[in-house]
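>>> take this sequence and fold it.
(chains A and B)
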Amino acid sequence: MTIARVTVRRALTILCLAAIVAMCVEARLLQLPFVDRTPYARAMAIYPDRQWPGYPRFLVGVREHTRPGDTIAVVVPAMGWDDGYSYAYYRASYFLTGREVLPLATPENGRIPQNLRAANYVAAFGVTLRVPAGVVWQGERGALLRLRK
Amino acid sequence: MTSTLIAILSLTAFGIPITLAVDRNARGPLLIGSAFLYGSGTMFFVLLATSILHIRWSLISVAIVALLIFCAAAIIARRQPTTDNRQRAASAHAIDLITLLTITGYALYATLAPLWEWDFWAIWGLKAKTFLESGGIDWRFLESRWNTFAHPDYPLLVPLNFDFIALVNGGWSDRWLGLLFVAWGIALLLIVRGLAARETTSFFAALLTLTLAAVAVSRYVGLAEGALIAFGGAGVLFIRSALLDDDAACWRNGALMLGFAANCKNEGFALLVAVTIAVVTVSWSRGLEVLRLRRLWLAYALAAPWLILRAAHTLPTDIAGGSAFSRLLARLPYAHQILAFLAARLYEPWFWMAILAGILIAPAAARWRERFVFLVTAIQLLFYVAAYLSTPHNLRWHVLTSWSRLTGQIAVPITVAVFLMLANSLRRGQDAPHAEARSDQ
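Modelled structure (predicted):
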């Protein structure tokens, strides 16, 4: 009886140990060195900007035409927070480090017009703005405008 | 890529005398793994200190401070007495080839493209890039009401490690930063391998390392998870060894690693508190709780600077914003529904089922021996649930965007504990030098 119980426990232990190993070993990682990774690399490279693939190039242009310390408000086709504005605002913050990027919308989809007045520049991507402003730079589906105050 | 590799090798070389100052007997995988983690953790403090002292970051200024620490650690290490090495050497095994292949696969994954995670460019990478351009921590950026999305209260070990790589690189590039996450994962695996070799055979130590090869690394490349898993996992496992062996070097290693973990994420500080509670609990019956608590002082000493700085700059924490307690009370009646949702959304549920089955199958004495790790895991899970109950965000959204990451943070120590319980019970303790002798904590 004792031998039988010990054997069952031993079998269960082996089974459990094998299950833990099997659950943890990642087959996809084992395969990755042997497959063509070009499609994965291409997919990952565009993943953050899949909504607006040209947006990073536009932000690079904005960065080149502004200086550290400048304040920039961002206008994009989707001004709803979860429709794309949060992406546009956060992504601009990353590309435009050193400048102060001001949002024009809140997570609750409220508007922040005072930030438009406070900004030195408006970076408008994919939209045409009718505001009293001079065009500093145009390209990559957008424009950098200096607001007249 | 070359400059990132040079930075990682520099951090490892920087960490060697620090490791030896902490544990003069560290050898092999334990030495290399710990050295990288100490290098990475200490470099964070070098950048933090120079920033506080208003010394503009440059490769030269950082290298001078690091060299001073390197020399001081080397002197301390030389003065440490060497004892007869209690460590069983971790010898290579054929299984290691599969582990190596897994790590290679992860390295290829982590470097497929410039870091792509939303939280990288909205939080961790954003801060690192901002600080690099201002030559130090930009408190004005952290204090700005427009940057609360970047979680200004989060500790800065990971962004400042990015900055060290950028300094070595001569400028910001997010193309090869993924290698840092590979290094954190390898460091933890080396430590696990070194510690497991003390308790089990070469075969089981190698099999455990293979088992953890994909668990010790984070899928979320660019986020602080990778560093937290490494520092937190190493910290818990060193404290586990310290409790089993009453080894002073393991206490120091564990406390320091947990201190660094607290500087990776807020969950790292929660882990330190969970470890403290667990140490007190397992030590209570033997009246050792005060003595053992004192051995954790280093962890709190490392956690303190950021806590003080963030309080001094009044950097807001979103979870604690508003009335967290009233939110918690309001959600408590629905706790069973929330727990059911967490269970339904558990990432890798079969893995956790296997871990649970392992705990149930293992001999009672082995379970008792591992109660520290079980307690830490349970307490940390409780902290996670409490955070969900008090979150100011939409609860469903919060769970969906974080639960798999949180469970990943605590997977390594419990997997090690359950694996060793099962493996050593299979061997009936024949070859395990400590399996029977150290049955009591």
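
>>> what parts of chain A come near chain B?
By the rule C-beta under 8 Å from any C-beta of the partner chain, the part of chain A lying against chain B is A:9-10, A:12-14, A:16-17, A:19-21, A:23-26, A:28-33, A:37, A:40-41, A:44-45, A:47-48, A:68, A:86, A:89-91, A:93-94, A:97-98, A:100-103. Glycine gets a C-beta too; all of them are placed from N, C-alpha and C.

>>> can you pull the contacts of the closest residue in space to B:Thr4 that isn't next to it in sequence?
Spatially, and ignoring its direct neighbours in sequence, B:Thr4 is nearest to B:Trp176 (4.2 Å; C-beta to C-beta, 6 or more residues apart in numbering or on different chains). B:Trp176 makes contact with B:Met1, B:Ser3, B:Thr4, B:Thr111, according to C-beta atoms under 8 Å, 6 or more residues apart in numbering or on different chains.

>>> could I get the residues you listed as JSON lines with pLDDT and secondary structure?
JSON lines is the format used below for these (pLDDT from 0 to 100; DSSP: H, G, I helix; E, B strand; the rest coil):
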{"residue": "B:Met1", "pLDDT": "89", "secondary structure": "coil"}
{"residue": "B:Ser3", "pLDDT": "93", "secondary structure": "helix"}
{"residue": "B:Thr4", "pLDDT": "96", "secondary structure": "helix"}
{"residue": "B:Thr111", "pLDDT": "96", "secondary structure": "coil"}
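
>>> between those, which is nearest chain A?
Using C-beta to the nearest C-beta, B:Thr111 is the member of those that sits closest to chain A, with 9.1 Å.

>>> correct me, but that closest one touches B:Leu179?
Yes. Here B:Thr111 lies in contact with B:Leu179, judged by C-beta atoms under 8 Å, at a distance of 6.2 Å.

>>> need the phi and psi values for A:Val101.
For A:Val101, the backbone dihedrals (degrees, to the nearest 10) come out as phi -90, psi 120.

>>> anything in contact with each of B:Thr111 and B:Leu179?
Taking C-beta under 8 Å, 6+ apart as the contact definition, B:Thr111 and B:Leu179 share the neighbouring residues B:Met1.

>>> and the longest helix for chain B?
Residue-count comparison of every helix in chain B, with assignments taken from DSSP state H, identifies helix B:28-52 as the longest.

>>> so which bits of the stretch 51-200 of chain B are right by chain A?
So the stretch 51-200 of chain B meets chain A at B:98, B:101-102, B:104-106, B:108-109, B:112-114, B:116, B:118, B:121-122, B:125-126, B:129-130, B:133-134, B:144, B:146-147, B:149-150 (C-beta under 8 Å from any C-beta).

>>> only the buried subset of these, as a PyMOL command please.
A single PyMOL command selects the buried members of these (16 or more other C-beta atoms under 10 Å in any protein chain shown):
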select buried, chain B and resi 98+101+102+105+106+108+109+112+113+114+116+118+121+122+125+126+129+130+133+134+146+147+149+150
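
>>> give me the phi and psi angles of the residue nearest to B:Thr4.
phi -120, psi 10.

>>> ok, now B:Val217?
Dihedral angles (degrees, to the nearest 10) for B:Val217: phi -110, psi 150.

>>> on that earlier part again, of the contacts of B:Trp176, buried ones?
When neighbours are counted using 16+ other C-beta under 10 Å, the contacts of B:Trp176 contain these buried positions: B:Ser3, B:Thr4, B:Thr111.

>>> give the contact list for the second one.
By C-beta under 8 Å, 6+ apart, the residues touching B:Thr4 are B:Ile165, B:Val168, B:Asn169, B:Trp176, B:Leu177, B:Leu179, B:Leu180.

>>> okay, those residues in CSV with pLDDT and distance to B:Ser323 next?
As requested, those are exported to CSV (pLDDT from 0 to 100; distance: C-beta to C-beta, whole Å):
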residue, pLDDT, distance to B:Ser323
B:Ile165, 97, 41
B:Val168, 97, 45
B:Asn169, 95, 45
B:Trp176, 95, 44
B:Leu177, 96, 38
B:Leu179, 97, 43
B:Leu180, 97, 38
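
>>> B:Leu228: which of those is nearest?
Minimum separation from B:Leu228 among the contacts of B:Thr4 (C-beta to C-beta) is found for B:Leu180, which lies at 13.2 Å.

>>> tell me who's in contact with the closest one.
Contacts for B:Leu180 were tallied using C-beta under 8 Å, 6+ apart; they are B:Thr4, B:Ile8, B:Asn161, B:Phe162, B:Ile165, B:Gly226.

>>> what about B:Ala365, how many neighbours?
The local packing of B:Ala365 (other C-beta atoms under 10 Å in any protein chain shown) involves 14 other residues.

>>> shaky segments in chain A?
Applying pLDDT under 70 to chain A flags residues A:1-6, A:149.

>>> now, the contacts of B:Thr4 that are in strands?
Cross-referencing the contacts of B:Thr4 with the strands (criterion: DSSP state E) gives no overlap at all.

>>> separate out the buried members of the residues you listed.
In terms of neighbour count (16+ other C-beta under 10 Å), the buried residues within those are B:Ile165, B:Val168, B:Asn169, B:Trp176, B:Leu177, B:Leu179, B:Leu180.
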